[in-house]
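Participant: Fold the stuff below for me.
(one chain, ligands or ions: 1)
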Amino acid sequence: MTDLAQEKCGVCNNDTPQVTEVEIKELKPQIPDWEILNIDGEPRLERTYNFKDFKTALAFTNSVGEIAEEAGHHPALLTEWGKVKVSWWTHSIHGLHRNDFIMAAKTDKVATQSFNV
Ligand SMILES: C[C@H](O)[C@H](O)[C@H]1CNC2=NC(N)=NC(=O)C2=N1
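Facilitator: Numbering: from 1, shown residues only. This is a model prediction of the structure:
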């Protein structure tokens, strides 16, 4: 199985199709702690990470911001005391693209490798 976290985001525009059910079956097991939620009629990947305090939650938020800027693909981030909710979806297609699964896997890698989550 290819390691999603090693992949680079592909180019995506308004005409790019969303991931299919078959692709979701392949990709979702690689990010088992993420949920696919329907928000305002659009699917998103969401995961909440827990931390010991606000400062650490904010540092994680900034690390996710860095990988987002590198990739040119950006999440919604909700930082609170001791937790950060990360949501990935592709605005241009109002749903999920392989890029969102790649970024979720990269987010898990940052959490594990730099924050011991
Ligand atoms: C112009 C720029 O590349 C686009 O607006 C990018 C920026 N980051 C993005 N992030 C996400 N998550 N979805 C997008 O459609 C998107 N579009």
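Participant: Surely G65 is within a helix?
Facilitator: Yes. The assignment for G65 by DSSP: H, G, I helix; E, B strand; the rest coil puts it in a helix.
Participant: measure the closest residue in space to it that isn't next to it in sequence to F54 for me?
Facilitator: Nearest residue to G65, sequence neighbours excluded (C-beta to C-beta, 6 or more residues apart in numbering): L77, at 7.3 Å. Placement of C-beta: from N, CA and C, glycine included. According to C-beta to C-beta, to the nearest Å, L77 and F54 sit 14 Å apart.
Participant: where in the protein is pLDDT low?
Facilitator: Along the chain, the parts satisfying pLDDT under 70 run over 1.
Participant: Can you tell me how far H91 is from T61?
Facilitator: H91 is 19 Å from T61, by C-beta to C-beta.
Participant: Could you do N50 as well?
Facilitator: For N50 relative to T61 (C-beta to C-beta), the value is 13 Å.
Participant: Looking at these two, which one has more neighbours?
Facilitator: Just comparing N50 and T61: by other C-beta atoms under 10 Å the higher neighbour count belongs to T61, 17 against 11.
Participant: Does the ligand have contacts with the host helix or strand of that one?
Facilitator: For T61, the element it lies in under DSSP states H and E is helix 54-71. No. On the criterion C-beta under 6 Å from any ligand atom, helix 54-71 is out of touch with the ligand, staying 7.5 Å away.
Participant: List the buried residues in that helix.
Facilitator: 56-57, 60-61, 63-64, 67-68 (16 or more other C-beta atoms under 10 Å).
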